[in-house]
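> Sequence isn't available, so here's the structure alone:
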């Protein structure tokens, strides 16, 4: 009897996780997307039409490893289609962490480096 009860409880817990996890990840992904778009439009004064894509990714290792970020946002701008800019969003605060790819003359027009006065 006790074994059946334990199995029912474990099954219920697994079902709850399986059902709620996708909802959580969808909500968080949407929130990170909106925070980044808001930051780029209001703080950096870009128009949404200047952005080719905004991609939000999640890594499980970011949950357990303090030096990794759980969520990363990748932005590609129309005028630099071969360059990718990476942002981290924590508690609504957006920070550009890096950029990669290629641009004309190796000048990254959307970098937020200290040298640019940001």
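On my side now, so go ahead. Keep in mind that this is a model prediction, so the values were computed, not measured.

> By residue count, what's the longest helix in this structure?
Determined from DSSP state H, the single longest helix within the chain is helix 2-42.

> pLDDT (mean, whole number) over stretch 108-118?
Mean pLDDT, stretch 108-118: 68.

> let me fix that: stretch 90-104
Averaging pLDDT along stretch 90-104 gives 90.

> Which residues does it contact?
Here stretch 90-104 makes contact (C-beta atoms under 8 Å, 6 or more residues apart in numbering) with 35-36, 39-40, 43, 69, 72-73, 80, 82-89, 108-112. C-beta: built from backbone N, CA, C; applies to glycine.

> Okay, now the unreliable bits of this structure?
Along the chain, segments meeting pLDDT under 70 span 61-68, 114-118.

> go with 90
Low-confidence segments of the chain (pLDDT under 90): 1-4, 18, 21-22, 24-25, 58-71, 90-92, 103-107, 113-118.

> remind me, longest strand of this protein?
The residue-count maximum for a strand in the chain (DSSP state E) belongs to strand 80-90.

> Tell me the strands beside the following helix or strand past that one, with direction?
Scanning forward in sequence from strand 80-90 by DSSP states H and E, the next helix or strand is strand 93-101. Sheet pairing for strand 93-101, assigned by DSSP bridges, gives strand 80-90 (antiparallel).

> Figure out how far the partner strand is from the centre of its chain.
Its chain's C-alpha centre and that of strand 80-90 lie 10 Å apart, by C-alpha atoms, centre = their mean, to the nearest Å.

> residues of it that come out buried?
Neighbour counts over strand 80-90 (16 or more other C-beta atoms under 10 Å) mark 80, 83-89 as buried.

> for the helix or strand that comes right after the longest helix of the chain, packing partners?
Later in the chain than helix 2-42, the nearest helix or strand by DSSP H and E is strand 51-58. Contact here means 3 or more C-beta pairs under 8 Å, 6 or more residues apart in numbering; DSSP states H and E; on that basis strand 51-58 packs against helix 2-42, strand 71-77.

> which residues touch residue 38?
By C-beta under 8 Å, 6+ apart, no residues touch residue 38.

> how much space between it and residue 102?
28 Å (C-beta to C-beta, to the nearest Å).

> next one: residue 80
Note on residue 80: its distance to residue 102, by C-beta to C-beta, is 9 Å.
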